[in-house]
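Student: Predicted model follows, preceded by the sequence.
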Amino acid sequence: MNAAVTRWHVSGRRPVEYDIVCSRHLFHPQNEALLSVGRIRGGRRLVVVDSNVARHCLGEIRSYFAYHSVDARIVLFPGGEENKTLTRYLDLVNELDAFPIHRRDEPIIAIGGGVLTDVVGFVASSYRRGVPHIKVPTTLMAYVDAAVGVKASINFNGHKNRLGSFEAPQRVFLDRTFLRTLSRRHVLNGVCEIIKLAVIKDSDLFDALERCGAESVAANFQNPAGGEILERAVGGMLEELEPNLFEDELARKVDFGHSFSYGLETCVGTDLLHGEAVLLDILVSSRIATTRQLLSQAELERIFRLLERLGIAVNTGALDTELLWQSLLERVEHRNGLQRVPVPNALGSCTFLNDITRPEIDTTIRWLNARLGKNMNPAPNVDAREIGKFDQVSQAWWDTRGEMRMLHVINPLRCNFICSQIDAPQPKILDVGCGGGILSEALARSGARVTAIDLSQPTLVAAREHARSQGLEIDYRYQHAEQLAREEAGNYDAVTCMEMLEHVPDPAGVIAACARTLKPGGHAFFSTINRSLKAFLFAIVAGEYLLHLLPRGTHRYKKLIRPRELRRWALDNGLEYVSVASLMYNPLTGNFKVAAGKADVNYMVCFSKHR
C-alpha cells in the first residue's frame, strides 16, 4: 500500500505602509505629531534618545510627554558606529522588559542618528516578534538615508550590519531644525550620501548641489535651497527603495558607494564616518567607470570640482588595494555570487559591473592618490583663525551702520579706481576674497560679469542672499584662488583682491594665482595696509580700538605689507605696475578721499599682465 504524499502550500502577504512626514519643532507641546499613532490617554512610550541630542533638548522631550500625560521612559543611547553592537541591542531589550509596553499601540520612539535608528529598528523587529516603532532622525545621514527605509541591523563579529531584519516603522518624522546643531564634519558626512544619489540617478540634484550646495552646508540646510535639496534627496531615495524594499532585486542603484566602503569603515584605525567611506568608494567606482569609457573625464572632473566647492577634503590614506578587494569579495557573497557594482555611465545614470579586477583597483588607487594629492588640498593658503574671525561677523556685512560701515563708505572710491582703468565692455572680473560682496555688487552694477570667491561659508551665504535680493547675478563660489587659477587660467579681464593679502599665510601665492587668471593685458587690483608706524597707529590703534571703524582684531601688524613687497611679488609673476592711490581718512568729517600716486596707510595698486 502506497502512502499518499501530503503537502500544504502556504501563501500570505503582509502589506508595508508607512508615512514619512516633515514636521518642524516636534517637541513643541502643541505639535502632536509624535503622538499621532498609538494611544495617548494612559499611554506609555519607551523613548530612545541619542546622548548628543539629549544635551540639546532632553528637557524639551521630558516636558513634551509630561504635557500630554504620557508615561515616557527615556533611555539615553551613545551614538557612533562603535555602539552598533549586540551588547547595546541587548541593553535596549532589557529596558523593554523593565518597562513593558503594549505590543500594538505603544510604539518605541527612536530619536537620533542612523546608528540609533538601526539598532532600535532591529529591537522592534525582534522583541515579542515585532512591536511598532517611530523614527526621528537627527543627523543629515539619517535624514536622507538610514531612517527612511526599512532595514535594521547591528554589527557583529567584525562585520558591518551582519545581523538585521527588514522592519518598517509606523512613521518617520523629518524635522530639519535638528540639523542646526550638527558639526560641519557631520553635515558633510550626510552630504556624501546626497552626492551618491546625485551622481548615480539624479543629474538635476547634482546641478542643485553645484548651485546651492555650499550655502546649504554653511546654513546646515536651514535655508530654502537646502530644504529643496533635502526634499529631492529623500524623494529620490524613496523612488529607489519602495519598489524593492526587501531587496529581492540585488542590483540596486543605491548600493553605489557601498561596494568598497564596508571594508574602509570596519578597518581598525581609519576613523572614517559612513559618508566619508562612501565618498571614497564613489571616487573609486567613478574612476573605474571613466577608465572603461562609461563616464567621461569631464564628468569625473565635475565631481571633483563639486567636492572642492562644498569644502569636502578627501583623505585617500585609508585606500588599500587588498582591503578594497576583500571588501568587494565579501559583497559578492552578499549579492548572491555577483559583484553587481553600480557605477555611473553619465551623471545621473547607472550601470552595473561584474568583472572588476584586483589590478584595476590597484591602478585606480594609484591614480586617485596622484590626482587628489596634487589638486584636492581644499585650502593650502588659508589661516583658519582669519576665516574664523570673518565667520563670526558674517551677518554684519550689509549693516551700513554696523561694524562694516567703513567698507560701504570707501567702496565707491575703490570701485571708481578699478573701473576707470578697465577698457573692456562688460568685463569679466574675478573678486578674490569677496567677503559679503560689497565690491562684487558694485562691479556687477557697473556692468561687469562677476565671479567672486571666498573661504568663509557663512559670509558667502550672506553675500548670495543679498545679491539675490537685489536681483544681481554674481557667481559666488567657495573656492581658493590657487585652485581656481588651475581651472580658469587666462579667463578674466580683471581680478580684484581688496584687503585680503594681509589675512593669508602666503600673500605672494595669492598674487601668483591672480596673475594666472588674467588674460594678456588684463588688470590686477590689490589693496592692503602698509606695514609702517603710521599705519599701526591709524589703521589698528585708531581704526579698530579708538574710532571703531573696523572690528577689533581685523589686522595684525606683522601681516601688513609694504608697497615695495607687493610690487616685487607682482613683478615676479609677470605683472607690470600701472598706478597707485591711497584712501585718506578725515576724522573730523568721517569721510575718505583718494590721493592718487600716493602709497600711504590704506593703499591700492593697479597692475597689468604682459601681453
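Tutor: Noted; the coordinates are in hand. Numbering: from 1, shown residues only.
Student: host element of the residue positioned nearest the centre of the chain?
Tutor: Compute the mean C-alpha point of the chain, and by CA atoms, centre = their mean the closest residue is L188, 3.8 Å away. Taking DSSP states H and E as the criterion, L188 maps to helix 184-201.
Student: what's the next secondary structure element after that helix?
Tutor: That would be, after helix 184-201 and using DSSP H and E, helix 203-218.
Student: Do a quick rundown of the strands in the stretch 401-550 of the chain.
Tutor: Ranges of strands in the stretch 401-550 of the chain, per DSSP state E, counting those that start in this stretch, are 428-432, 449-454, 475-478, 492-498, 518-529.
Student: and stretch 177-185, what's its mean pLDDT?
Tutor: Mean pLDDT, computed over stretch 177-185, is 88.
Student: Report the buried residues of it.
Tutor: Across stretch 177-185, burial judged by 16 or more other CB atoms under 10 Å covers 178-179, 182. In short, each C-beta sits where N, CA and C put it, glycine included.
Student: same question, stretch 302-315
Tutor: Neighbour-count burial for stretch 302-315 flags 302-312, 314 (criterion: 16+ other CB under 10 Å).
Student: Quick check: the farthest pair among those?
Tutor: Distance extremes for those: the farthest pair is R302 and G311 at 16.4 Å, using CB to CB.
Student: re earlier: out of the buried residues of stretch 302-315, which one has the lowest pLDDT?
Tutor: G311 (83).
Student: before we move on, the earlier item: could the buried residues of stretch 302-315 be laid out in CSV, adding distance to F27?
Tutor: Output for the buried residues of stretch 302-315, formatted as CSV (distance: CB to CB, whole Å):
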residue, distance to F27
R302, 41
I303, 38
F304, 41
R305, 40
L306, 35
L307, 35
E308, 38
R309, 35
L310, 31
G311, 31
I312, 32
V314, 37
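Student: Which ones among the residues you listed map onto helices?
Tutor: Counted as lying in helices by DSSP state H, out of those, are 302-310.
Student: circling back to that earlier point, tell me the angle of the helix holding L188 relative to helix 203-218?
Tutor: If you take axes from the mean of the first three to the mean of the last three CA atoms, to 10 degrees, helix 184-201 sits at 170 degrees to helix 203-218.
Student: and helix 184-201, what does it pack onto?
Tutor: Judged by 3 or more CB pairs under 8 Å, 6 or more residues apart in numbering; DSSP states H and E, helix 184-201 is in contact with helix 140-141, helix 203-218, helix 224-241, helix 274-291, helix 297-310, strand 341-346, strand 349-353.
Student: and if we set it to 6 Å?
Tutor: Counting contacts by 3 or more CB pairs under 6 Å, 6 or more residues apart in numbering; DSSP states H and E, helix 184-201 packs against helix 140-141, helix 203-218, helix 224-241, helix 274-291.
Student: hmm, back to that, what about the residue nearest to the centre of the chain, distance to N315?
Tutor: 12 Å (CB to CB, to the nearest Å).
Student: Does S579 lie in a helix or a strand, and which?
Tutor: In this assignment (DSSP H and E), S579 forms part of strand 575-586.
Student: Against P412, how distant is the closest residue to V409 other than its chain neighbours?
Tutor: Once flanking residues are discounted, V409 sits nearest to F592: 6.2 Å by CB to CB, 6 or more residues apart in numbering. When distance is defined by CB to CB, F592 is 10 Å away from P412.
Student: out of the two, which sits in the busier spot?
Tutor: F592 (18 against 11; other CB atoms under 10 Å).
Student: CA-only coordinates of the host helix or strand of the more buried one, as PDB, when you get a sec.
Tutor: Per DSSP H and E: F592 is located in strand 591-596. Only the C-alpha atoms of strand 591-596 are listed here, as PDB (Å, rounded to 0.1, in the frame of the first residue of the first chain):
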ATOM      1  CA  ASN A 591      34.900 110.800   5.000                       C
ATOM      2  CA  PHE A 592      37.600 109.400   2.800                       C
ATOM      3  CA  LYS A 593      39.200 110.800  -0.300                       C
ATOM      4  CA  VAL A 594      41.500 109.300  -2.900                       C
ATOM      5  CA  ALA A 595      45.100 110.500  -3.000                       C
ATOM      6  CA  ALA A 596      46.400 109.500  -6.500                       C
END
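Student: From here on, call the first residue 215.
Tutor: Got it, first residue is 215 now, which makes that one strand 805-810.
Student: Show me what that strand is packed against.
Tutor: Contacts defined by 3+ CB pairs under 6 Å, 6+ apart place strand 805-810 against strand 789-800.
Student: buried ones in the strand it packs on?
Tutor: 789, 794-797, 799.
Student: likewise stretch 805-815?
Tutor: For stretch 805-815, a neighbour-count test (16+ other CB under 10 Å) marks 806, 813-815 as buried.
Student: Which of those fall within helices?
Tutor: In helices, defined here by DSSP H, there are no members of the buried residues of stretch 805-815.
Student: taking those residues as a set, which two sit the farthest apart in space?
Tutor: By the measure CB to CB, F806 and A813 form the most distant pair in these, at 15.7 Å.
Student: Am I right that L789 is in contact with H824?
Tutor: No. Between L789 and H824 there is no contact under CB atoms under 6 Å: 7.9 Å.
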